[in-house]
Every structure is written in C-alpha cells, then in structure tokens.
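Engineer: next comes the sequence, and after it the predicted model I'd like to discuss.
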Amino acid sequence: MTRPALAEDREVGKITLLNRKALEAYQHLEFETAMRLLNEALDHSERAGLTQHPIRARTFVTLGIVSLGGFRQRDQAVKYFRRALQIQPEVRLSPGLANPDIQAAFDEAIAGLSTPGSEDLPPEKALVHEPVRVGEADKPVPILVVPDKDLDATSVVLRYRASTASAFTDLAMKKGSSGGFEAAIPVSATAGEHVAYFIEARRANGSVLVGRGTAADPIVVALARPTTPVAATVAGTGASRPAASDKRLFVAILGGTGFGWASGTGEATLTPVESPGIDWTVMGQVVPEIGYLVTPRFMIGVQGRLQLVRGATPYWVPNREPGECGDDGICAPSSTAFAGLLKATFFLADPGSAFQPYLSLSAGGGYIRHVSKVDSPNACGPMGGQPCVDTVAGGPALFGPGVGFRYDVADAVGIVVQIGGLVGVPNFTANADVNLGLAFRL
C-alpha cells in the first residue's frame, strides 16, 4: 500500500468515527449534536479531497436520516439523499435506521435523480461568481456572487485573509438590487502584495451548503500599486495633496515689515545719523514676484519691493536758496522706496511635497529706507522747533540671500513665508524683511 493510500485510509477512519458518533447521538435523541458531528464530517471530507468517496455519500445518507427522523425536515432529507446517490448510486439505507417515512423520502430521491435541484449543481453554477484576480493596493476589492434561484441558503459569507494574516475573516454579504450578493474586502486587508478569499453559501445551522474556493485553495487577488503616485504626503504631517503639477509659472504677492542697519546721512537734512544702529522699515513693504520653474527644484524670477515710509519729520531749510524745497522752504522726507531684483530660488524638498522649504539669492537696484534721528539744529517740524527724524537710504546696489517655505494648499495656490536679507552699497545698509503672502501656479 502506498503512502498516499495510507493517508487516505486515516482520513476515512476519522470521518467514519464522526458518523458513528453522530448515529449514537441520534439514537439518544441528541439531534443537534448529531447534526454538528455530521457537518464536521462533511467539512473534513472536503478538506481531505474525498468529495466523491463513498464515506461522504454515507455521511449524506445519515444527514438525511437525522433531518427527517429528528427535525421532521422531509425536503431537506430528500436533498441529502440525492447528494449521496450522486456520489454513490448504489448506496442504501441501513436496515436498522429506516422507517417508512425515511424509506419513502429515500425512494423519492432515487426517482428524482434525473431532475437535479440547485444544490446538486456544480459550485460554479450554484454560486455564479467571476473570480477577482487583480486589485489595487490600499483600496477595497468588491466581490459579487449570484446564487442559483433555487439554492436554499440562509446566508452567503465572504471569507478573506490579508497577506500578513494567519486566519480568514468572515464578512456577511448583502443582497443587492440586482439579486446578487455583494461585499468588499476592506482596505485594512489590501496593504500587501495580495489578498485571498473564498465564498460560502451556508445553511441555518452554519454548515456549508456550497462554496467557491476553500480555505485550502482560496482565490488569490494580486494587488497592484500605481506607477505614478496620485498623492504626495506632506513631510511630518501625514497630510496628502494632489501630485506635483506641471504648471511652471508662479505669481506671488507678499507683504511684511523689516529692520536693518541705518547709518550715513539723512536725505532731507543732509546731516549724519545721530547714533548708527538698527531701525525698522516703518510701515513695511509690498513685495510682488513672478517666477518660472526651469526645473522642478530651480526657479528664476523678478521681485519688486515697494516700501511705505512714515515717521520722518519735515525739515525747514534756513537761509534757503530760491526754489529750494518748494515755495514754503519745507523739505518733506520721502514716503516710499522702490527696488527691483532678480531672484534665483532653490527648493529643497521633493517636487511632489506640499511643503517646500527653499533658499534664494537676489540682486538688483533701488533703495531701502530707514527712519533715524539725525544730528541737526532744531529746524524740523511745521514750526521748525522739533528734533529732526530723517530718512536714510541704503543702495542703490542691492543683493543678498533669503530663506523661506511655500505650502501648497491646492494644486494652484500656496502660502509663502520668507525672510529676505539685502545689503545695500555704496550707501551701506544690511536689512532683513519678513514677508507673508500667497503664490499662484499658472
């Protein structure tokens, strides 16, 4: 005897023992126990590959006896007898277990073999289902099955197992408007390279009526991932945004304030700053910018800087020359300053990230003005008796580094925060602007 034959004999022995215990329970009127043992025997024969073995036919015969003799379910008993006869046409009732009702049901099963019911259909016809072989990772996998209209199933269950799981999880399928049963393998099970599933139609007692696939031989779905990411994760936040856009033109408008080193000579009074040091660019500045992405991480552009200045006092010119400072002889300090810059920006993060820190270099021409107290006789103000506060200009050559970040809240809109440093010569100043605004990608 070969080794596979020995293994089969052992499995047949186990199923025979379950049948024997079921009959003992039936004879002691323990019908639920008998039914449970027989369903266990059926499941065991299926796992062992003995679906056409005579011991499985004998199990169906005993199920028919218990269904009719214990539960008075004649139609169910006829179905069980018919299943037994399809496996082993010569199978018959044991004389000690057959009463007239059971024998009549068995005879009806023999007579009805030529017109099988839906339970006698092969699984692919009893449960019509197109196996799902390919799905998408991190997305639900929809499953649809259509039972035969005469299949006497109490429930239809989807059983699935993730690639990292050791056991199958049951999910009850719901009947849809089309008459089919629907469910979806959830996202929690589709993170790996594959997911396995099979479908069972079950009786009221939970036993399997018919199935598509088994735990030992499930249907396997290969899970594919998109070759081009549809979302990018914001570093450190877990948030996601649309994939990087191919739009290359940027337009931004920012505003802010600044501070810097003020020294030299007042513009109106033509007298030196009283005490060189740090002063604010009072009222701040508006900063428009236009840029073009040469590469996903390198942008060139132009930036304007329109500064609004306040706080300087008018200067009354003593012994003025004709036409100097207007008809009234009062010199009004500048209230604005303008600069134009070429700017190169280097983005530091992956182009697909919403959070884009960057470094920049700027160079151009114009002026930056600070407001400082100057050494001057008390000849300022409308009455010429106030201390003199004058504007001090740095420039006209300007250059310097910058640092900041852009955060894209949408594919075409971002928030920009930047700190820009500028050095002015030959009228020296070292200035830092802090700006906040919006950028638009076109």
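Structural biologist: Arrived safely.
Engineer: hang on, Ser353 in a strand?
Structural biologist: No: assignment of Ser353 by DSSP: H, G, I helix; E, B strand; the rest coil gives coil, placing it outside any strand.
Engineer: please report how far it lies from Leu293.
Structural biologist: Distance of Ser353 to Leu293, given as C-beta to C-beta, to the nearest Å: 15 Å. Quick note: C-beta positions are derived from backbone N, CA and C, even for glycine.
Engineer: same check on Ser178?
Structural biologist: From Ser178 across to Leu293, the span is 50 Å (C-beta to C-beta).
Engineer: more crowded one of those two?
Structural biologist: Between Ser178 and Leu293, counting by other C-beta atoms under 10 Å, Leu293 is the more crowded of the two (20 against 9).
Engineer: packing partners for the helix or strand in which Val434 is found?
Structural biologist: Element membership for Val434 (DSSP states H and E) is strand 429-441. Using 3 or more C-beta pairs under 8 Å, 6 or more residues apart in numbering; DSSP states H and E as the contact test, the elements touching strand 429-441 are strand 249-262, strand 285-295, strand 368-373, strand 389-408, strand 413-427.
Engineer: out of these, which comes closest to Cys380?
Structural biologist: Cys380 lies closest to strand 389-408 among the helices and strands packed on strand 429-441, at 7.2 Å (C-beta to C-beta).
Engineer: report the buried residues of that closest one.
Structural biologist: For strand 389-408, a neighbour-count test (16 or more other C-beta atoms under 10 Å) marks 389-395, 398-400, 402, 404-408 as buried.
Engineer: how about stretch 189-199?
Structural biologist: Ala189, Thr190, His194, Val195, Ala196, Tyr197, Phe198, Ile199.
Engineer: just the endpoints, please. Distance across that stretch?
Structural biologist: This stretch, stretch 189-199, spans 16 Å end to end (C-alpha to C-alpha, to the nearest Å).
Engineer: centre of the chain to it, how far?
Structural biologist: Chain-centre distance of stretch 189-199: 18 Å, with C-alpha atoms, centre = their mean, to the nearest Å.
Engineer: tell me the mean pLDDT over that stretch?
Structural biologist: The average pLDDT within stretch 189-199 is 93.
Engineer: now swap in stretch 286-294 and tell me
Structural biologist: Across stretch 286-294, the average pLDDT comes to 93.
Engineer: can you check stretch 399-418 too?
Structural biologist: Stretch 399-418 carries an average pLDDT of 90.
Engineer: neighbouring contacts of that stretch?
Structural biologist: Applying C-beta atoms under 8 Å, 6 or more residues apart in numbering, the external contacts of stretch 399-418 come out as 241-242, 245, 247, 252, 254, 343, 347, 354-364, 419-423, 433-442.
Engineer: residue ranges of the strands in the stretch 201-350 of the chain, please?
Structural biologist: Listed in chain order, the strands of the stretch 201-350 of the chain (DSSP state E, counting those that start in this stretch) span 208-212, 219-224, 231-233, 240-242, 249-262, 277-280, 285-295, 298-308, 315-316, 330-331, 336-347.
Engineer: of all the ones you listed, which one is nearest Arg36?
Structural biologist: Proximity to Arg36, assessed across those by C-beta to C-beta, is greatest for strand 208-212 (13.1 Å).
Engineer: tell me the angle of the closest one relative to strand 219-224?
Structural biologist: Counting by axes from the mean of the first three to the mean of the last three C-alpha atoms, to 10 degrees, strand 208-212 points 40 degrees away from the direction of strand 219-224.
Engineer: for strand 208-212, output the C-alpha coordinates as CSV.
Structural biologist: Below are the C-alpha coordinates for strand 208-212, written out as CSV (Å, rounded to 0.1, in the frame of the first residue of the first chain):
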residue,chain,number,x,y,z
VAL,A,208,-21.5,25.0,4.3
LEU,A,209,-24.0,24.3,1.5
VAL,A,210,-21.7,25.1,-1.4
GLY,A,211,-18.6,27.3,-1.9
ARG,A,212,-16.4,29.0,-4.4
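Engineer: what helices or strands is that strand leaning on?
Structural biologist: With contacts taken as 3+ C-beta pairs under 8 Å, 6+ apart, strand 208-212 sits against helix 31-47, helix 123-126, strand 127-128, strand 194-202.
Engineer: just the residues contacting the longest helix seen in the chain, thanks.
Structural biologist: As assigned by DSSP state H, the longest helix anywhere in the chain is helix 3-27. With contacts defined as C-beta under 8 Å, 6+ apart, helix 3-27 is touched by 1, 31, 33-35, 37-38, 40-41, 44-45, 48, 50, 53, 55-56, 58-59, 62, 65-66, 69-70, 97.
Engineer: out of those residues, which are buried?
Structural biologist: Among those, those classed as buried by 16+ other C-beta under 10 Å are 31, 33-35, 37-38, 40-41, 44-45, 48, 50, 53, 55-56, 58-59, 62, 65-66, 69-70, 97.
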